[in-house]
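1. quick one, fold the following:
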Amino acid sequence: FRELWLDLRLGRIFHYFVIYLFGSVLYSKTREPLQLLNPDFLIQSALYFIILTYAAIFAIATNNQEDLEVDRITNTNRPLVRNAVDPEWYRKTAILSLIVSCVLAVFTGLIFLFAISGISLVYYLYSCRPFKLKRFVFLAKFMIGLNSLISATCGLYAAGGQPADFPLFWLFFLLIPVSLMANFVD
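-> Now for the predicted structure:
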């Protein structure tokens, strides 16, 4: 638990959660602003943060397994590099975390299952063989924008909107500028 907690990368989880809140504000701004104070929405939002956290454990652990050789040089504090965790236990924890994330999503609402499945799939394609799309700089960063769009769409839907309500301007904003900003961060 300690090793997973230290390697959690809360900034990324908060990024997707804030983007989820952004999507909900996009809908409520023009329709039902008080929807965001609805207890059901607040509970769903708290659960979404937990769902994102479990999905992040899966993404981080699979990424760490894939990048073990590179991390021996560039990220020497990662748990697998330091031999702080058993690799087989780590793999099982990743899979269990994804399952917990999906089960929580099912109980929270179908849109949450679609969102976390989409985000996890995109991240898997980004990080893992045989695809490992992070090797292609602009495509890799586009995938971060795509995951941001998925999270924002989930927030819009949770606030009462439909995916078709998503403003075209913001769709392009999440896909293009967010993707470009990810390149500058790296």
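
2. and the longest helix belonging to the chain, average pLDDT?
-> For the chain, the helix with the greatest residue count under DSSP state H is helix 39-66. For helix 39-66, mean pLDDT is 96.

3. how about stretch 72-85?
-> The model assigns stretch 72-85 a mean pLDDT of 94.

4. any idea how far stretch 90-105 is from the middle of the chain?
-> On the basis of C-alpha atoms, centre = their mean, to the nearest Å, stretch 90-105 sits 14 Å off its chain's mean C-alpha point.

5. just the buried residues of that stretch, please?
-> Residues 90, 93, 94, 97, 98, 100, 101, 102, 104, 105 are the ones in stretch 90-105 that count as buried (16 or more other C-beta atoms under 10 Å). Placement of C-beta: from N, CA and C, glycine included.

6. for stretch 61-71, give me every contacting residue.
-> Stretch 61-71 has contacts (C-beta atoms under 8 Å, 6 or more residues apart in numbering) with 4, 7, 75, 78-81, 87, 90-91, 93-94, 97, 123-124, 127-129, 132.

7. sitting in helices, which of these do you find?
-> Those of the contacts of stretch 61-71 lying in helices (DSSP H): 4, 87, 90, 91, 93, 94, 97, 123, 124, 127.

8. would you turn those residues into TSV with distance to residue 149?
-> Converted to TSV, the ones in helices among the contacts of stretch 61-71 look like this (distance: C-beta to C-beta, whole Å):
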residue	distance to residue 149
4	27
87	34
90	30
91	29
93	29
94	25
97	23
123	14
124	17
127	18
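
9. report the two of those separated the most.
-> 87 and 123 (19.9 Å; C-beta to C-beta).

10. the two - which one has more neighbours?
-> residue 123 (22 against 14; other C-beta atoms under 10 Å).

11. tell me which of the buried residues of stretch 90-105 is nearest to residue 54?
-> Among the buried residues of stretch 90-105, and counting by C-beta to C-beta, the member closest to residue 54 is residue 101, at 3.7 Å.

12. wait, doesn't the closest one sit right on residue 119?
-> No. Distance between residue 101 and residue 119: 9.5 Å, which falls outside the contact criterion (C-beta atoms under 8 Å).

13. overlap in contacts, those two.
-> Taking C-beta under 8 Å, 6+ apart as the contact rule, residue 101 and residue 119 both touch 52, 55.

14. which parts of the longest helix of the chain are buried?
-> 41, 44-45, 47-48, 51-66.
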